[in-house]
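Pasting the sequence and the predicted model now:
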Amino acid sequence: MTLSQRFLRWLVVHLALATTTKRTTTVIGAFVPTTDNYETTHTNPSEPPPSQSLTDDKNNNNNKEKQEQVLIHKRWTEHDRLERDLSLVRPRQDDDKNTNLQKLFSDDLDATQAAQVATQLLLDQSSVTQRLESLFAKATTASCRAKILQHYGYFVTALGREEPLPFASSSRSFARLNNTCPEPVYDDWTKLPPGMHLGHIQNRSYEPPRDQAIYVDDPRDLKLLYLILTHDDAPSTIRLVQALQDDDGDDNNNNTTMVHFVIHVDAKEASQDTYLALQDFSVHYDNVHVLPHPYRVSVNWGGFTMVNATLQMLKYATGMLPTTRAALPFDKAIHLSSTTYPLASNTEIRYELAKYPVDANFMNVIMKPQRSNTWNYFVECDDQLHRIYHLPVPTRATHGFDLFETSQWWIISRDFAQYLTAAEPGSIVQQVLPYMEHVVVADENFFGTVLRQTEYCLTHVNRNYLHMDFDRWESEIPSGQRDPRKCMMKDPNHCGRSPTTLTLQDAPILELSDNLFARKVVGDSEIKDLIDQWRKQREIDIRKYLKDPENSPKLRSQSNVEFEGHGVLLVAKHTVLPVPDEDTNTTSTTYKNNPLCLGLGDSGNVVRLVPCFNDWVPVNLLPQWQTGAVLEMEVRPHNRWEFAPCTSSPRMERNPLTGGMTFYSDSNRSTTGEKVPGGPLCMLKQIDGVRSGRCFDGETGGGERETHVFPCIRNTWGQLLSVGNGQGAPQDSLFFHVPQQRQAYMEEHGGVYHPTMCLGVRSVAHEDDENHELQRIMRNSSVSNTANDDHKNNIVAIPCSSSNSDAAVVLEFYFVPFIVEEENALTEDEETEMDEYGDEDETCTAKSVALNDIAFRSKTAATTRE
């Protein structure tokens with residue numbers, strides 16, 4: 001008999017005993033279901049049971065019969081599911097098995113004898129044997145196999161006792177959770193209350209007036225605690241600690257009291273050298289603490305041990321471990337990995353966090369509760385996870401709490417840290433922990449779930465100030481190359497993923513990021529050296545700002561193409577057409593008012609070419625009008641863009657003579673020193689209308705798909721545009737860079753992403769397609785203001801190297817600034833200039849014409865050179 005068969009024999013005997021023995025103790029914890037709840041079939045107490053919904057007395061009898069049938073169907077469905085999963089033996093058509101089954105059901109066998117026959121049948125034929133063998137194949141020790149069998153037995157025992165499965169919703173113990181968060185939970189984001197949209201939910205913040213909460217008056221007084229998880233590469237952890245150590249400079253703060261570090265090193269034997277190296281490092285600093293060996297945890301990817309290790313650090317910091325050290329002083333606990341690196345300077349970190357109350361908790365939570373049906377019950381042993389069976393996902397209605405997906409990296413208050421570590425009886429922490437011990441990636445569920453079920457939800461700021469980028473799921477890698485730790489589900493293609501390693505290629509994104517930290521940055525890489533240069537300059541800038549807020553320069557020095565903050569009109573060059581003189585067959589000195597601009601149209605988020613001006617703008621425009629400026633009131637909605645912020649290099653400015661951009665030959669390299677085909681990288685943001693604040697996102701438009709505006713995220717490559725300089729991208733085109741890993745991913749999936757993708761439009765024009773907008777424009781035909789109904793004007797992303805053809809056209813733009821009417825009264829010189837052009841009603845509005853090549857030209861040139 002094999003080892004798995006011996007275990008199965010014990011299991012079946014245990015099952016037989018379970019049918020006649022009443023359980024008196026719980027084996028899992030507070031959430032183990034009891035026999036008292038077996039008859040509970042209506043699992044949602046917030047909804048009326050089916051009988052309460054019956055209103056017709058004449059049909060009561062029929063309804064009762066239907067209810068009984070539904071109840072029987074539910075029980076048989078559960079029976080069939082368990083029969084499939086536990087592989088209870090069904091009769092087979094061979095003689096030996098029929099003989100055994102006849103013995104099993106014959107009248108001359110008592111229950112004990114029949115159970116012995118059934119046990120042998122289960123051992124010989126049940127796929128439970130194969131299931132246990134597959135579980136034991138990953139386990140290398142007897143203790144781990146015993147743990148697997150113990151937890152597998154919980155489900156079999158529940159079947160034998162006719163009890164709910166572990167953590168089933170029919171267990172009344174879930175309903176006793178005392179959820180103290182008063183905020184509503186929205187399960188269905190498509191059915192939000194009137195006037196509410198997703199941004200109201202997901203962008204939750206906590207910034208009460210200063211007289212209604214406790215703030216730190218001086219950001220330098222904010223005490224920080226860094227909790228760092230590591231398992232290898234001690235030099236990277238040391239560099240991270242040194243980067244975050246306070247440099248007193250001209251401040252009078254003692255860095256040993258204003259910042260502390262608690263480091264957890266994985267308890268695996270492979271991490272022992274890292275542990276010893278960090279211990280040697282810590283003896284030189286009073287504020288660096290390496291968690292002592294008895295409290296180290298052997299951490300597994302996706303396991304609850306990640307949560308346990310974090311809680312051990314918090315217990316150490318709050319003085320709840322039996323060590324000789326007292327609690328550490330801190331206002332904020334910042335959870336980091338050793339592969340995290342700060343983007344902001346130390347003073348800048350304090351300055352940003354001090355904008356919020358001391359009790360604010362920064363945690364990136366998906367505010368829609370988990371409702372997946374693919375959760376599984378796991379146990380940890382032999383340094384890996386073992387999947388046992390299905391696990392129900394809790395809800396407030398059925399279990400007393402909701403499960404929220406969360407980033408494991410957060411910034412929390414001291415109050416919330418103490419609540420987590422105390423885990424007092426009856427608290428959400430104490431009640432949720434037994435369930436979380438069996439959840440995969442518990443670190444991405446536990447902390448947010450606790451936060452959103454307690455009164456601390458009122459202090460929640462839904463961001464964690466951490467930049468992370470993800471490339472692809474592990475299931476997208478060929479099966480032989482996958483990390484088996486990330487593919488633990490029954491479906492081998494249901495896998496997790498890890499963040500992308502950041503390199504110099506990501507420097508522009510990191511420079512513009514408004515986050516305080518970035519991950520994943522590995523080793524002593526070049527990107528860390530570049531970040532250190534930024535941090536040094538930012539530290540100088542913010543200290544100047546704190547001393548003299550009114551006269552100090554901006555905290556981050558970047559190219560200035562903001563057009564005085566009024567925005568820019570992006571006019572497609574192909575559409576700026578003079579009026580032909582039919583009598584002389586020559587070009588007129590006036591222009592038609594039908595150029596197309598980059599905009600959104602009247603509705604939707606699709607970026608497209610739309611008419612630039614309102615219908616009431618005079619018919620003709622002056623020559624070279626695109627080199628001047630336009631009035632905001634003349635331009636159609638959703639055509640005004642903010643072209644900022646931008647990276648610090650290369651340097652460019654608007655050319656007032658051409659309406660395009662001028663690039664400086666001494667700065668045609670990026671921040672990293674790489675030669676680039678254009679100017680700095682900038683975000684392009686909508687200024688007006690209901691989609692104000694949304695940014696162009698090129699990632700939505702690969703393969704000639706439509707591009708859109710999307711909520712602005714400074715850590716995505718698709719939202720950083722540059723202006724072409726004619727070297728790799730056409731002059732005055734708009735393009736974005738595609739990371740190498742994304743290019744490789746798209747190639748694997750048949751995509752067309754290239755290193756540089758330009759904004760363009762489809763120009764497929766058939767002989768019978770006389771209505772194609774761009775073709776009419778190129779033929780100098782008239783353009784209708786209803787052109788925004790033509791999907792062929794939608795902006796797509798195409799390779800900049802593509803030559804304009806019938807398939808697609810790369811667009812080039814004029815950059816026309818806006819002016820505000822009340823701020824620009826005409827001078828006498830401007831009025832004289834107006835007279836030279838003729839009457840206003842024959843051309844364009846007075847002020848936009850007058851500023852053409854006079855006041856605004858000099859003003860814009862001076863502004864863009866700042």
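Right, received. Where do you want to start?

after the one helix or strand residue 722 maps to comes which helix or strand?
Element membership for residue 722 (DSSP states H and E) is strand 722-723. Scanning forward in sequence from strand 722-723 by DSSP H and E, the next helix or strand is strand 734-737.

Direction included, what does that following strand pair up with?
strand 722-723 (antiparallel), strand 756-762 (antiparallel) (DSSP bridges).

Export that strand to PDB, keeping only CA atoms.
Extracted in PDB, the C-alpha atoms of strand 734-737 (Å, rounded to 0.1, in the frame of the first residue of the first chain):
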ATOM      1  CA  LEU A 734       3.000  64.000 -31.800                       C
ATOM      2  CA  PHE A 735       4.400  60.700 -30.800                       C
ATOM      3  CA  PHE A 736       5.100  58.500 -27.800                       C
ATOM      4  CA  HIS A 737       7.800  55.900 -26.900                       C
END
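
If you count neighbours, what's buried in that strand?
Using 16 or more other CB atoms under 10 Å as the test for burial, strand 734-737 gives 734-737. (C-beta placed from N, C-alpha, C; glycine too.)

For that strand, give the mean pLDDT please.
Mean pLDDT, strand 734-737: 90.

ok, and what's touching it?
508, 570, 677-678, 681, 684, 698, 717-724, 729, 755-759, 797, 800, 811, 813 (CB atoms under 8 Å, 6 or more residues apart in numbering).

Mind giving me the PyMOL select for the residues you listed, buried ones only?
Of those, the buried ones can be selected in PyMOL as follows, counting by 16+ other CB under 10 Å:
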select buried, resi 508+570+677+678+681+684+698+717+718+719+720+721+722+723+724+729+756+757+758+759+797+800+811+813
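
residues in contact with the strand holding residue 722?
With CB under 8 Å, 6+ apart as the criterion, strand 722-723 contacts 652, 661, 676-682, 729, 732-737.

same thing with stretch 185-200?
201, 367-369, 371, 396, 402, 452, 711.

and if we set it to 7 Å?
For stretch 185-200, contacts defined as CB atoms under 7 Å, 6 or more residues apart in numbering pick out 201, 368-369, 371, 396, 402.

Please work out how many residues are found near residue 801.
The tally of other residues near residue 801 (other CB atoms under 10 Å) stands at 13.

Likewise for residue 347?
By other CB under 10 Å, neighbour count at residue 347 equals 22.

Now do the SS call for it.
For residue 347, the assignment made with DSSP: H, G, I helix; E, B strand; the rest coil gives helix.

Setting aside sequence neighbours, what's the nearest residue to it?
Once flanking residues are discounted, residue 347 sits nearest to residue 542: 5.1 Å by CB to CB, 6 or more residues apart in numbering.

show me the contacts for the one you found.
345, 347-348, 351, 555.

Also residue 348?
Contacts for residue 348 (CB under 7 Å, 6+ apart) come out as 538, 542.

Tell me the spacing between it and residue 539.
7 Å (CB to CB, to the nearest Å).

So which residues of the stretch 601-750 of the chain form strands?
608-611, 620-621, 630-631, 641-646, 652-654, 661-663, 682-686, 694-697, 708-711, 722-723, 734-737 (DSSP state E, counting those that start in this stretch).
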